[in-house]
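> what shape does this take:
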Amino acid sequence: MKMSYEKPYSVYITTNAERTVLYTGVTNDLATRLVEHYLNKGTSKSFAGKYFCYHLIYFERYENINDAIAREKEIKRWR
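Take a look at the predicted model:
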């Protein structure tokens, strides 16, 4: 029996309260990641924290990390 070590991954987009900044990321635990963004709000530890990007506006689920990363890169190229 072959075991799979792949976890479901989420590609997600968050924004600030004014909806003027977008942050796109990948995680295997979306709920925890959103809490981390919220707890880091207003700090310079990260882009999302610096710009208060903790409001989830969109996400997609993927079984394979490589697919999730490819999608994140595709979204980050959008204008």
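
> and F52, that one's in a strand?
No. Per DSSP: H, G, I helix; E, B strand; the rest coil, F52 lies outside any strand segment and is coil.

> mind giving me the packing neighbours of the longest helix along the chain?
Looking only at the chain and at elements set by DSSP state H, the helix with the highest residue count is helix 65-76. Of the remaining helices and strands, those touching helix 65-76 by 3 or more Cβ pairs under 8 Å, 6 or more residues apart in numbering; DSSP states H and E are strand 9-15, strand 22-27, strand 55-62. C-beta here means a position set from N, CA and C on the backbone, and glycine is covered the same way.

> could you give the bridge partners of the nearest residue to I69 once chain neighbours are set aside?
Of all residues beyond its chain neighbours, the one nearest I69 is V26 (6.0 Å), with distances taken as Cβ to Cβ, 6 or more residues apart in numbering. On DSSP bridges, the residues paired with V26 through beta bridges are V11.
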